[in-house]
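Asker: next come a sequence and a model predicted from it.
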Amino acid sequence: MSKVSFEWNQQNSFVTVDEVNTYKAEVASLHKVLHNKTGAGNEFLGWLDWYERDHVEELQKIEKAAKDIQGHSEVLVVIGVGGSYIGARAVIETLQHTFYNELPNSKRKTPRIFFVGNHVSSTYLSDLIDIIEDFEVSINVISKSGTTTEPAIAFRVLKDWMEKKYGKAEAARRIFVTTDKEKGALKTLALKENYETFVVPDDVGGRYSVLTAVGLLPISVAGINIQELIDGAVVATKDLRNPTLLENDSYQYAVLRNILNKRGKSIELLAYYEPNLNYFAEWWKQLFGESEGKDGKGIFPASVGFSTDLHSLGQYIQDGHRHLFETALYVEKPRHDIIVNINEHDLDELNYLAGQPMSYINQKVLEGTTLAHTAGNVPNLKVTIPALTAYHVGYLIYFFMKSCAMSGYLLGVNPFDQPGVEEYKKNMFALLGKPGYENRLKN
Ligand SMILES: O=P(O)(O)OC[C@H]1O[C@H](O)[C@H](O)[C@@H](O)[C@@H]1O
């Protein structure tokens, strides 16, 4: 089976093999640091070989809960933010029908999935309640800490709404909690209310947790085969354990990023050509942004959807400030293809494309863009995905997580913490009058 692969060449990346190879020894040594778990953030390396361990029971428990939800619910509301939100959404949107929630019941056999608790918009929450009102609903509330404000507020409102709609006992049967195995407010509440619980492993940080219960329950409810996702991640775990730089795609990607960053290319654009990858790019942004953006360092991760953004941001990318490099996500085989038809009158002058599949045209968009952007001094890298299947997406997720760990270590930061995100929270708590924060804004 063909695999997810990272491709770069001197012509497009402006980096030579010799330059990459100067990192050979450092990468080999950081590989040991990573796998022997002796580096910064080593308490959060559970994901590194998580997939190879025996998770039969856990996956069965997730699949059973997903079946129950599918059986009695037309809607699943997923409450969470950051790593407790984006991963599940990324995988569902990547693998499911583009218009999944809009599909009529005859075409969508699994519940609609709505996400909330990832901001503090009252309009969104109230519109959500409006749209789910007449449906049978279940909730999966996800929070590793169990105390994050955004999901906590949404859950407080929706718990109340569920209890009014169903009564306490039936609401409890429809509320599924994913949190720490023993501590935190959500765990305490789950015990008190008798909610079914799923565990966020201690040694896996939020942004590395999509292929644990955090992402797998909503993904399974959406009808996606979670075993195939894990299978892909298992193969990636094996493939990307190779310490030799030029034989390890994830390490090459990490090195290329670091070389380009040192040359002042401080913004990376993840460019996707399938709209289904929109939320995958959001997941990738959290992964790299929170992992590397610290100590005054890091590449700012941004994303662009092509060809859409070629008609807006394309101008800047081609001609603006030269601090960009681009990594294309190329899907070799789309889920569906359409052949351009011939037209007798050819008023749109497209007959030269008649008989061609749209995927061929999309591929030429990518090739033309790569040529244009490299000519405009935007180095280009490429990740090829054979097809958007659960297996390949599982592989791709692991590829990026492994790259990110190595990339962070090469940069000299701890890729597994996120101290910076606490700042706004402390100010917000002080401004809201939360006890204990009274002195925060005094000077
Ligand atoms: O799962 P939770 O504890 O609710 O955390 C959810 C998210 O919020 C935090 O502020 C962090 O920035 C993220 O890394 C984390 O994924």
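Answerer: It's in.

Asker: please determine how far residue 171 is located from residue 74.
Answerer: Plainly put, residue 171 is 16 Å away from residue 74 if you go by C-beta to C-beta, to the nearest Å. Backbone N, C-alpha and C define where each C-beta goes, glycine included.

Asker: of the two, which one has the most company?
Answerer: Taking other C-beta atoms under 10 Å, residue 171 and residue 74 do not tie; residue 171 has more neighbours (22 against 16).

Asker: element containing the nearest residue to the more buried one once chain neighbours are set aside, please.
Answerer: Nearest residue to residue 171, sequence neighbours excluded (C-beta to C-beta, 6 or more residues apart in numbering): residue 162, at 4.0 Å. For residue 162, the host element (DSSP states H and E) is helix 149-166.

Asker: just checking, what packs against that helix?
Answerer: strand 75-79, helix 122-132, strand 137-142, helix 168-173 (3 or more C-beta pairs under 8 Å, 6 or more residues apart in numbering; DSSP states H and E).

Asker: so what touches it?
Answerer: 77, 79-81, 84-85, 116-120, 125, 129, 137, 139, 141-143, 171, 174-175, 185, 425, 428 (C-beta atoms under 8 Å, 6 or more residues apart in numbering).

Asker: show me what counts as buried in that helix.
Answerer: Buried residues in helix 149-166, counted by 16 or more other C-beta atoms under 10 Å: 150-155, 157-159, 161-163, 166.

Asker: report the distance from it to the chain centre.
Answerer: Put simply, helix 149-166 sits 25 Å off its chain's centre (C-alpha atoms, centre = their mean, to the nearest Å).

Asker: ok, residues contacting the lengthiest strand in the chain?
Answerer: Counting residues, the longest strand in the chain under DSSP state E turns out to be strand 324-333. Contacting residues not belonging to strand 324-333 are listed as 2, 13, 253, 260, 265, 267-274, 277, 280-281, 304, 317, 359, 363, 366, 369-370, 373, 378-388 [C-beta under 8 Å, 6+ apart].

Asker: put the alpha carbons of whatever helix or strand comes next after that strand into CSV.
Answerer: On the C-terminal side of strand 324-333, the nearest following helix or strand under DSSP H and E is helix 358-375. What follows is helix 358-375, C-alpha atoms only, in CSV (Å, rounded to 0.1, in the frame of the first residue of the first chain):
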residue,chain,number,x,y,z
MET,A,358,-11.2,17.5,-12.0
SER,A,359,-8.5,15.8,-9.8
TYR,A,360,-6.0,16.3,-12.7
ILE,A,361,-6.9,20.0,-12.9
ASN,A,362,-6.5,20.3,-9.1
GLN,A,363,-3.0,18.6,-9.4
LYS,A,364,-2.0,21.2,-12.0
VAL,A,365,-3.2,24.0,-9.6
LEU,A,366,-0.8,22.6,-7.1
GLU,A,367,2.1,22.2,-9.6
GLY,A,368,1.5,25.7,-11.0
THR,A,369,1.3,27.2,-7.6
THR,A,370,4.5,25.5,-6.5
LEU,A,371,6.3,26.9,-9.5
ALA,A,372,4.9,30.4,-9.0
HIS,A,373,5.6,30.5,-5.3
THR,A,374,9.1,29.1,-5.5
ALA,A,375,9.8,31.7,-8.2
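
Asker: what angle sits between helix 358-375 and strand 324-333?
Answerer: Comparing the axes of helix 358-375 and strand 324-333 via axes from the mean of the first three to the mean of the last three C-alpha atoms, to 10 degrees yields an angle of 160 degrees.

Asker: what's around the residue of the stretch 201-350 of the chain found nearest the ligand, how many residues?
Answerer: The stretch 201-350 of the chain approaches the ligand most closely through residue 206 (2.7 Å), counting by C-beta to the nearest ligand atom. Each residue near residue 206 was counted by other C-beta under 10 Å, and the total is 26.

Asker: ok, now which ones touch it?
Answerer: Counting by C-beta under 8 Å, 6+ apart, residue 206 has contacts 82, 83, 84, 144, 200, 214.

Asker: now render the residues you listed as CSV, adding pLDDT, secondary structure and neighbour count.
Answerer: Output for those, formatted as CSV (pLDDT from 0 to 100; DSSP: H, G, I helix; E, B strand; the rest coil; neighbours: other C-beta atoms under 10 Å):
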residue, pLDDT, secondary structure, neighbour count
82, 97, helix, 21
83, 97, helix, 26
84, 98, helix, 29
144, 91, coil, 24
200, 94, coil, 23
214, 98, helix, 29
